[in-house]
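Chemist: Below are the sequence and a predicted model; questions follow.
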Amino acid sequence: DLGVHQIFFGRSDDLGATLAETAVVGGGAMGYPGAYIGDDALWLDAAGVPVIVTACSAPIREIGGALLVQNYGGYAWNTANPDAPRSRISLFASSDAGATWAELPIAEGQAEDTWLQEPALLALGPDRWIVQLRTAEGSSPGYAGDLWQTTTEDGGATWSEYEDLGFVGHAPYLARLSNGVLVSAFRWLNASFTSTNVDFIYSMDEGATWSD
C-alpha cells in the first residue's frame, strides 16, 4: 500500500492558542487517487509523476532571518522493491515567514546506498552548521545503522564527508548549553535492536569530538 506523509507549517500569533491554516512545506499531498507502481518500481500519481514524501523529527530553526525545516524523505517507498531509492535529507528554507519554501540538499551525492533519516541541525555560527542523522543499511529504512554527522562552513552550500559516530542513534536533538558545551540527545539502540535508552553525548570542541 502507498504510505504518504508530509510536513505541514502553520503560524500562531497568540502563543499557540490558535493556529493559522497550515500548508504542506514541500508542495506534496496527503492523498494520491489513482496512484500505481510504474515500470521502474516507483509509486507514481495518476499523471505518472513520482510520489514524493517528506517528514521531520526536529524543531524548525531560524538562522539569519530564514526559517529552516529539517526534512527527510524522497520517493514513496515500494516495500516490495529491495533496490528502492534510499531516503535523503535536506533543508526547506523560507525567507518570507513560511509563504514559500526552497529545498536545499544536505551532502548531496554522498552515501546513496544508505537510508538517511531524522536530521538534526544546530548553528554553531552564522555559516557553520552541524547536522546529525539516523541511518539504516540494507533494503529497509527500519534496519540498524549508526548515527552520522556532517558540517558546513558556508551556510549549507557544501558539506563535509559523513562521519560515523560508531553507535545506533535515532531522532537526535542538538543544543548548546549556556557554558558553550554542545549536547546531542537521542534514542540509543543496541545493534540487535533488543535494548533501547534515551542517551546523550557532549562535545567541548564544537563537535569535532564527542564524549562516550
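Modeler: It's in.

Chemist: ok, the residue nearest to residue 139 when sequence neighbours are not counted to residue 188 distance?
Modeler: Closest residue in space to residue 139, ignoring its immediate chain neighbours: residue 82 at 4.0 Å, by C-beta to C-beta, 6 or more residues apart in numbering. C-beta here means a position set from N, CA and C on the backbone, and glycine is covered the same way. With distances taken as C-beta to C-beta, to the nearest Å, residue 82 is found 28 Å from residue 188.

Chemist: quick one, which of those two is more surrounded?
Modeler: Per other C-beta atoms under 10 Å, whichever of residue 82 and residue 188 has more neighbours is residue 188, with 17 against 10.

Chemist: Could you pull up phi and psi at that one?
Modeler: phi -90, psi 140 (degrees, to the nearest 10).

Chemist: Hmm, it is touching residue 168, no?
Modeler: Yes: the criterion here is C-beta atoms under 8 Å, and residue 188 meets it with residue 168 at 6.7 Å.

Chemist: Poorly predicted segments of this structure, please.
Modeler: Low-confidence segments of the chain (pLDDT under 70): none present.

Chemist: if I look at residue 212, how far off is residue 124?
Modeler: 22 Å.

Chemist: Between those two, which is the more surrounded one?
Modeler: Neighbour count, other C-beta under 10 Å: between residue 212 and residue 124, residue 124 has more, with 16 against 6.
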